[in-house]
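Asks: got a predicted model here, sequence first, then my questions.
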Amino acid sequence: MAVKLTDVAERAGVSATTVSRVINNYGYLSQKTIDKVHQAMADLNYQPNQLARSLQGKGTHLIGVIMPSVAHPFYGELVDQIEKLLSERDYRMILCDSADDPDKEKAYLRMLVANQVDGIIAGAHNLGIEEYHTIQAPVVSFDRYLSDRIPIVGSDNYQGGELASRFLVDKGCQKIACLTGSLASDSPTNDRLAAYEAVMAEAGLVKQVYSFLPSQSPLVKRSEIKRLLQQETWDGVFCTDDLTALLVYQEAQALGMRLPADLKLIGYDGSQLMQDYFPYLTTIVQPIAACAEQLVHLVLDQIDQGTKMNAPAPNYKYPVSVWTGSTV
């Protein structure tokens, strides 16, 4: 049977009202009484009903976090940073992996609302999610436009695309391709491509853009990259994510190309995993820690203030840097 609040009270030798006051940190109680109640809760493995607390206006101390794929090194590291920051502030995270599926994201949003989460951090890139316009809980977005009232946090994507493209131009590349993901979503990450196109125009070079769908498996993407490397005469490639850049690196080597002599390559994201295990890949490094800190600060600040952002909500952009490996 489930342990009840009255069981804790009996174990601690106090009233049920006293146990409730300890749980809700309400009113004056001696440290001896507080310790007795906490010990009784530990002995009985009693967990306070968070939903009941929310109905009393006390909040659940739960934050929903929606990301496209925690299997991706970048998102995995971002989620890890968010969880640590929330935990330090006595909040718990409900992690939702949307898998680039809008129906799945909508179902997760309904679940989070049903569980009375205090706030939501959203970083998936699905289209047509109207629910974000009606959610009453504070919402903060990572690198994605959701509505005029939802603030966006991310790295400076235009600066990153410009750095990567100029890096290749300055190294003497004349035929530079950009391999990017789907451009369907209204995402600030599209600025990476916009910066590439601007640099190509400024340098008088022909842009060569190739887009991959999120649903494409690494095997299919690898096959297409191999075909492109055999067919085209690129001397530089800018990939808007590191995992695609690794596929280019592997296929180029398999075809006997020398990097950087025959082909110069630069990726984007620069997670700690990439720096530790693939240090040879030159890449644009996003400031994951700064983004995580601002996401948590914004959502908790709205919770504390009891208000949501007014339109237009701010867009926070953090500067990127270059990790110089041996591929450029």
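Replies: Thanks, I have it.
Asks: may I have the phi/psi pair for L29?
Replies: Backbone torsions for L29, taken as degrees, to the nearest 10, come to phi -140, psi 150.
Asks: wait, K221
Replies: Per-residue torsions, K221: phi -60, psi -40 (degrees, to the nearest 10).
Asks: I'd like to know how many residues surround it.
Replies: Residue neighbour count, defined by other Cβ atoms under 10 Å, stands at 18 for K221. Every C-beta, even on glycine, is put in place using the N, C-alpha and C of the backbone.
Asks: from here on, count from 35
Replies: Yep, numbering from 35; the last one is K255 now.
Asks: quick check: it touching T278?
Replies: Yes: K255 is in contact with T278 according to Cβ atoms under 8 Å; the separation is 7.0 Å.
Asks: shared neighbours, these two?
Replies: Here K255 and T278 have F246 as joint contacts, going by Cβ atoms under 8 Å, 6 or more residues apart in numbering.
Asks: after the helix or strand of the chain with the lowest mean pLDDT, which helix or strand is next?
Replies: Using mean pLDDT, DSSP states H and E, helix 84-89 stands out as the lowest-scoring helix or strand of the chain, at a mean of 50. Going down the chain from helix 84-89, the next helix or strand is strand 96-101, by DSSP states H and E.
Asks: output that following strand as PDB, nothing but the C-alphas.
Replies: What follows is strand 96-101, C-alpha atoms only, in PDB (Å, rounded to 0.1, in the frame of the first residue of the first chain):
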ATOM      1  CA  LEU A  96       9.100  20.100 -12.400                       C
ATOM      2  CA  ILE A  97      10.400  21.500 -15.700                       C
ATOM      3  CA  GLY A  98       9.600  19.900 -19.000                       C
ATOM      4  CA  VAL A  99      12.500  19.800 -21.500                       C
ATOM      5  CA  ILE A 100      11.800  18.900 -25.100                       C
ATOM      6  CA  MET A 101      14.700  18.100 -27.400                       C
END
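Asks: and the next helix-or-strand element following that strand, what's buried?
Replies: Counting by DSSP H and E, the element after strand 96-101 in chain order, helix or strand, is helix 107-122. Using 16 or more other Cβ atoms under 10 Å as the test for burial, helix 107-122 gives P107, F108, Y109, G110, E111, L112, V113, Q115, I116, E117, L119, L120.
Asks: is it true that the fifth one touches D303?
Replies: No: counting by Cβ under 8 Å, no contact exists between E111 and D303, whose distance comes to 9.1 Å.
Asks: who touches the helix or strand containing I337?
Replies: Taking DSSP H and E as the definition, I337 sits inside helix 322-339. Residues outside helix 322-339 that contact it (Cβ under 8 Å, 6+ apart): 93, 97, 108, 111-112, 115-116, 119-120, 123, 125, 152-155, 172-174, 176, 185, 187-189, 305-306, 342-343, 350, 352.
Asks: which of the residues you listed are buried, as a ChimeraX select command?
Replies: With 16+ other Cβ under 10 Å as the criterion, this ChimeraX line picks the buried residues out of these:
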select :97,108,111,112,115,116,119,120,125,152,153,154,155,172,173,174,176,185,187,188,189,305,342,343,350,352
